[in-house]
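Asks: I would like the atomic coordinates for the input below:
(one chain, ligands or ions: 1)
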Amino acid sequence: MSLFRPDIAALDGYIPGEQPQETGWVKLNTNENPYPASPRVVSAIQQAAEGRLNVYPDPLSKGFCKAAAELFNLDPDWILPANGSDENLTILIRSFADKNDLIAYPYPSYILYETLAEIQGTRYARLRLNPNWSWNVRLNWPLIEQAKLLFVPNPNSPSGNHWDHEVIQSLVPPQGILVHDEAYGDFVDEPHRMELLHTELGKQIVVTRTLSKSYSLAGIRFGFSIAHPDLTAGMRKVKDSYNCDMLALAAAEAAIRDQDWMLSNRDKILATRTHLFDELAKLGFNPIPSQTNFVWTTHPTMPHAEIYQELKNRKILVRYMKFPNGVAPSDENSEGLLDGLRITVGTDVEIAKLLEALREIVG
Ligand SMILES: Cc1ncc(COP(=O)(O)O)c(C=O)c1O
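Replies: The predicted model follows:
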């Protein structure tokens, strides 16, 4: 007999990427930034640690909200910090999705949306993307129309492509919220300035951001939502009182106040991404043009799981991903299985090691 709620007993649970704890790996599997965080972040953490750790942190994270508001030219009450962007996704579901409501998301995309919907016990739907990763809004409209929450990672993961604003606006559910998940938003060619929030539909859009990727702070766990104050006020009621600890708050504020540091790492990553893309193509892979810090690629003949394993044998970790029903089933592919490799853009040295190994494996 299980004492768990039936939804939880039936749940497989989200499986995060492998996180080997020993050194010696070339780790290109969970889209971390290969460069260290700003030295200002390190000294802000040190200063906070020498301060008053015996008292609770600011439940409203006012220092961070002010810094983020200045960056995006908004008032601080548009900002809602969280313990990683993943916590924001949980807050959104707990705030808006009742048992009979529908949560929708493109497929293939970030699998956690589905796990969170399962935990909440709501209805959920995958909106299948076209094989070239574009949207078929007309086909998906009957589900979008019913959705209370529509999660759209933009740029998308695992593909790395970016949908433009017209597409995004056409996806806003008439009776619901569109969550524009910008985990990789700083890596797009032309990062936006929250224009979406200032449109007619702005009151139905929540932008989520993370410091895990562009700011090199995956180890800290810090993300934030940006939305109309009517929305953040409701979501604030749902969060844990002290959801961001004092060290994370100090780190996050210092990080977003040091834009030069983030942007110079971003530029290095974009240059390495171009090199990785070109070299994968030369090796016979079919990489997708990326607007993120990773590249999604398939290979026309060699099984992706085998390439992944061969790399792992050489202590190089990439992410092998498979999406049953990821493409429309066909005669040759009755399950419609879509699989491939998602490769994080590391340093030039790491990418050189990866390419050398791939030359041995598929060359
Ligand atoms: C699309 C997407 N959204 C959200 C997140 C979660 O970010 P965080 O580390 O802030 O929880 C990730 C992390 O990989 C992601 O890929």
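
Asks: which residues touch stretch 304-319?
Replies: 17-18, 20, 24-30, 158, 298-299, 320, 322, 339-344, 353-354, 357-358, 361-362 (C-beta atoms under 8 Å, 6 or more residues apart in numbering). Glycine gets a C-beta too; all of them are placed from N, C-alpha and C.

Asks: in the helix or strand containing C65, which residues are buried?
Replies: For C65, the element it lies in under DSSP states H and E is helix 62-72. Using 16 or more other C-beta atoms under 10 Å as the test for burial, helix 62-72 gives 63-65, 67-69, 72.

Asks: which residues in the stretch 1-150 of the chain form helices?
Replies: 6-9, 39-49, 62-72, 85-96, 112-120, 137-146 (DSSP state H, counting those that start in this stretch).

Asks: select, out of those, the one closest to E190.
Replies: helix 62-72 (15.4 Å; C-beta to C-beta).

Asks: just to revisit the earlier point, buried ones only from the contacts of stretch 304-319, please, as a ChimeraX command.
Replies: With 16+ other C-beta under 10 Å as the burial test, the buried ones among the contacts of stretch 304-319 are selected in ChimeraX as follows:
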select :25,26,27,28,29,30,158,299,320,339,340,341,342,343,344,353,354,357,358,361,362
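
Asks: sort out for me which of the contacts of stretch 304-319 are in strands.
Replies: If you go by DSSP state E, these have 26-28, 298, 320, 322, 339-344 in strands.

Asks: alongside the ligand, which residues does the stretch 201-350 of the chain contribute?
Replies: 210, 212, 218, 223 (C-beta under 6 Å from any ligand atom).

Asks: domains for this structure, by residue range?
Replies: Under the assignment automatic domain parsing, the domains of the chain span 6-30+261-362, 39-258.

Asks: tell me the most buried of those domains?
Replies: domain 39-258 (a mean of 19; mean count of other C-beta atoms under 10 Å).

Asks: what's the mean pLDDT across that one?
Replies: Computed over domain 39-258, the mean pLDDT rounds to 96.

Asks: coming back round to it: make JSON lines out of the residues of the stretch 201-350 of the chain next to the ligand and add secondary structure.
Replies: JSON lines is the format used below for those (DSSP: H, G, I helix; E, B strand; the rest coil):
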{"residue": "T210", "secondary structure": "strand"}
{"residue": "S212", "secondary structure": "coil"}
{"residue": "A218", "secondary structure": "coil"}
{"residue": "G223", "secondary structure": "strand"}
